[in-house]
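Visitor: Only the shape, not the letters, is given here:
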DNA sequence: ATAGGGTTAG
């Protein structure tokens, strides 16, 4: 903010042509030496060599007489791989009359080192001394603003761009698009883009990336199509990374496949970033096998590639494999970071591997020196809560070194819903309300607990409360990809689909078949105080059933059905889909928030773990886990250190 | 005379 204030002050620029003395044209001897020095500077391969050349230049007196020599020293030192920003600054500070090139170098160097505030301060110095910024000053400076999310400073600098007459520069404008996007000011970002008379691929990349980073996936794809259709641009790697990310989030496996094909056909080799984006796209669009086989073939796997694979396997219910890949990651010498551990803990959680989860939680701190964040605690609460250890999960929350956030309390509430713990569920819900929660799911989970306990007054009170706070239940939707088009169905809504007749007929036929196999609607999750028949009617209208019916009438026998949901499915849809998978012999993959259910031969890959009624958590397991945790707490409290489960998970 | 913009997860 101080920077914004200073930037806002009026200032005058000295507009002389050169701020340094010119070398006399006649001095051929000195000119030749200068050329020699510059070529030596550019040949440097490490800092030691560079320091020697620096001394040489100093001895020849060129540091003072040739500003061009000094500029080259600074830029080489600041921008090379082996360079040192500190050393470059020390040379810079000795200059009597630094020119705009020198300032540009320093600003760029700081930006590349992620010292964004230093870059801004260097710019202020530049203004103060009266050196005129040019079109090379702004791209790195705007990048610094972008990484600081400094919208105020960014806007001031945008003003300076006008003032210095740089409105025609494509590079500066592309940086502005990016800066506004990173600051979350999408309208300004688009405004700069729209006003540009001459655009380049990078302009499109920047505006598409801006939409992608703010989660506007549909708009991201629309812009991409504009770019290649109307603009006639050939897409290149960087923009395709944003588009792949949009496909990933929208579940557009069809488009993602096209892009993968395009990349393979048009590029000789993919870099790790792009390849990881492709792997992530396949996995999160439901095609785990394809994603994993590409991952296995990858040569330059980095820790992000591993992270994608581990969380992918975990979300598809393949927890043990996720842990195997984690061990493999360590074996090849990559150090796991906090994000990878979130995936590892969630893998344990999905599979009910409580003890392993506790072990990994410890190993993270002891072996890899990563302090658990609120996210890791969230995973642990989920891990214990799902396994039925709700009181223990509550204890863990109480002992957290930081304030629990909504995710933590929501995990507990969800566990209370699964395991019918009304008392603790109320506590968790209360905390969520205190955190100013406007999440309809929280209210609905509490209502569901009340409904299962038959406390209908409390259920209706919950609905009243929702109305008062102004949150509405989001209608459940299921989208299914058929014939290159996404068909979206809404729960208990008027069916507008062109095939509505066939779909209704199919829904009827499916239920008839299911009943024949012993299916009975599970009305326990319907949070409405209405008669049984009406509850069954509500369940019949759930979007997932409509989507499956549509998929069955419009796709060939045996093909995989892929569904993307917006809210978590109910237990009735879960049971229903399992039975459909066996009766109609279909592999049905449902993306349910961040997890995937593979329904096949009458079973689900989640092993029903997120669905009531409570399972596992036999007394034996429960006692062992409680013991482990107790050791954890008391030893740490008494001795200030933790002595616990040291043995490493092996597979 | 020296140089520059857009790049994946949770």
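Guide: Structure received. Keep in mind the model is a prediction, meaning the values are calculated, not measured.
Visitor: List the buried residues of stretch A:598-606.
Guide: By 16 or more other CB atoms under 10 Å, the buried positions in stretch A:598-606 come out as A:598, A:599, A:600, A:604, A:605, A:606. Any C-beta I mention is one placed from the backbone N, CA and C, and that applies to glycine too.
Visitor: Kindly check the end-to-end length of that stretch for me.
Guide: One end of stretch A:598-606 sits 8 Å from the other (CA to CA, to the nearest Å).
Visitor: follow-up on the earlier one: now for the buried residues of stretch A:598-606, which pair is the farthest apart?
Guide: A:600 and A:606 (12.0 Å; CB to CB).
Visitor: State the distance from the residue most central in space within chain A to residue A:457.
Guide: Nearest residue to the geometric centre of chain A (CA atoms, centre = their mean): residue A:213, 8.7 Å. As defined by CB to CB, to the nearest Å, residue A:213 lies at a distance of 46 Å from residue A:457.
Visitor: between the buried residues of stretch A:598-606, which is nearest residue A:321?
Guide: Distances from residue A:321 to the buried residues of stretch A:598-606, taken by CB to CB, are shortest for residue A:605, at 11.6 Å.
Visitor: measure the closest one to DNA strand B for me?
Guide: Per CB to the nearest atom of the strand, to the nearest Å, residue A:605 is found 17 Å from DNA strand B.
Visitor: can you check residue A:353 too?
Guide: Note on residue A:353: its distance to DNA strand B, by CB to the nearest atom of the strand, is 18 Å.
Visitor: go on, residue A:378?
Guide: 10 Å.
Visitor: List the buried residues of the helix or strand harbouring that residue.
Guide: Using DSSP states H and E, residue A:378 falls within helix A:374-386. In terms of neighbour count (16+ other CB under 10 Å), helix A:374-386 has its buried residues at A:375, A:376, A:377, A:378, A:379, A:380, A:381, A:382, A:383, A:384, A:385, A:386.
Visitor: now stretch A:56-67
Guide: Across stretch A:56-67, burial judged by 16+ other CB under 10 Å covers A:57, A:60, A:62, A:63, A:65, A:66, A:67.
Visitor: picking up where we left off before, past the helix holding residue A:378, which element shows up next along the chain?
Guide: Following helix A:374-386 in sequence, per DSSP H and E, is helix A:390-398.
Visitor: now residue A:486, what's its secondary structure?
Guide: Three-state assignment for residue A:486 (DSSP: H, G, I helix; E, B strand; the rest coil): strand.
Visitor: give the contact list for it.
Guide: Shown in contact with residue A:486 (CB atoms under 8 Å, 6 or more residues apart in numbering): A:250, A:251, A:252, A:479, A:480.
Visitor: Give me the subset of those lying in helices.
Guide: Judged by DSSP state H, helices contain the following of the contacts of residue A:486: residue A:250.
Visitor: out of the contacts of residue A:486, which is most surrounded?
Guide: Tallying neighbours with other CB atoms under 10 Å puts residue A:480 at the head of those, with 26 neighbours.
Visitor: Okay, and the residue nearest to it when sequence neighbours are not counted sits in which element?
Guide: Spatial nearest neighbour of residue A:480, chain neighbours left out: residue A:547 (4.4 Å); criterion: CB to CB, 6 or more residues apart in numbering. Following DSSP H and E, one finds residue A:547 within helix A:543-554.
Visitor: by contact count, what packs against that helix?
Guide: Under the contact criterion of 3 or more CB pairs under 8 Å, 6 or more residues apart in numbering; DSSP states H and E, helix A:543-554 touches strand A:477-482, strand A:485-490, helix A:500-516, strand A:561-565, helix A:571-583, strand A:588-592.
Visitor: what angle sits between it and strand A:477-482?
Guide: 20 degrees (axes from the mean of the first three to the mean of the last three CA atoms, to 10 degrees).
Visitor: what angle do helix A:543-554 and helix A:571-583 make?
Guide: 20 degrees.
Visitor: hmm, who's touching helix A:543-554?
Guide: So helix A:543-554 is in contact with A:475-480, A:482-483, A:487, A:489-491, A:495, A:497, A:499, A:502-503, A:506-507, A:510, A:561, A:563, A:565, A:569, A:573, A:576-577, A:580, A:584, A:586, A:588, A:590, going by CB under 8 Å, 6+ apart.
Visitor: which among those end up buried?
Guide: Buried among the contacts of helix A:543-554 by 16+ other CB under 10 Å: A:476-480, A:482, A:487, A:489-491, A:495, A:499, A:503, A:506-507, A:510, A:561, A:563, A:565, A:569, A:573, A:576-577, A:580, A:584, A:586, A:588, A:590.
Visitor: Filtering these by proximity to DNA strand B, which remain?
Guide: Among these, no residue sits close to DNA strand B (CB under 7 Å from any atom of the strand).
Visitor: before we move on, the earlier item: and the residue nearest to the centre of chain A, what does it touch?
Guide: Per CB under 8 Å, 6+ apart, neighbours of residue A:213: A:181, A:182.
Visitor: can you tell me how far it sits from DNA strand B?
Guide: Distance from residue A:213 to DNA strand B, by CB to the nearest atom of the strand: 6 Å.
Visitor: again, but for residue A:97
Guide: Distance from residue A:97 to DNA strand B, by CB to the nearest atom of the strand: 12 Å.
Visitor: can I assume that residue is in contact with residue A:67?
Guide: Yes. Residue A:97 lies in contact with residue A:67 (CB atoms under 8 Å); the separation is 7.1 Å.
Visitor: Next up, the contacts around residue A:596.
Guide: By CB under 8 Å, 6+ apart, residue A:596 lies in contact with A:286, A:288, A:315, A:316, A:317, A:589, A:590, A:605.
Visitor: And the pLDDT for the fourth one?
Guide: Here the pLDDT value assigned to residue A:316 is 93.
Visitor: Would you confirm that it contacts residue A:284?
Guide: No. The criterion here is CB under 8 Å, and residue A:316 misses it with residue A:284 at 9.6 Å.
Visitor: And the nearest residue to residue A:253 once chain neighbours are set aside, how close does it get to residue A:291?
Guide: Using CB to CB, 6+ apart and skipping the chain neighbours, the partner closest in space to residue A:253 is residue A:285 (3.8 Å). Relative to residue A:291, residue A:285 is positioned 8 Å away (CB to CB).
Visitor: Can you pick out the residue with more neighbours from these two?
Guide: residue A:285 (27 against 23).
Visitor: Pull up the gap between the more buried one and residue A:222, please.
Guide: Relative to residue A:222, residue A:285 is positioned 19 Å away (CB to CB).
Visitor: Residue A:296 too?
Guide: Distance, residue A:296 to residue A:222, using CB to CB: 35 Å.
Visitor: Do you know the pLDDT at residue A:37?
Guide: 84.
Visitor: residue boundaries of the strands in the stretch 1-150 of chain A?
Guide: Using DSSP state E, counting those that start in this stretch, the stretch 1-150 of chain A contains no strands.
Visitor: before we move on, back to that, of all the residues in the helix holding residue A:547, which ones are buried?
Guide: By 16+ other CB under 10 Å, the buried positions in helix A:543-554 come out as A:543, A:544, A:545, A:546, A:547, A:548, A:549, A:550, A:551, A:552.
Visitor: Where does pLDDT dip in chain A?
Guide: Within chain A, the segments meeting pLDDT under 70 span A:1-30, A:610-651.
Visitor: make it 50
Guide: Within chain A, the stretches with pLDDT under 50 are A:1-2, A:11-28, A:613-651.
Visitor: Walk me through the domains of it.
Guide: For chain A, automatic domain parsing gives the domain ranges A:373-469, A:477-604.
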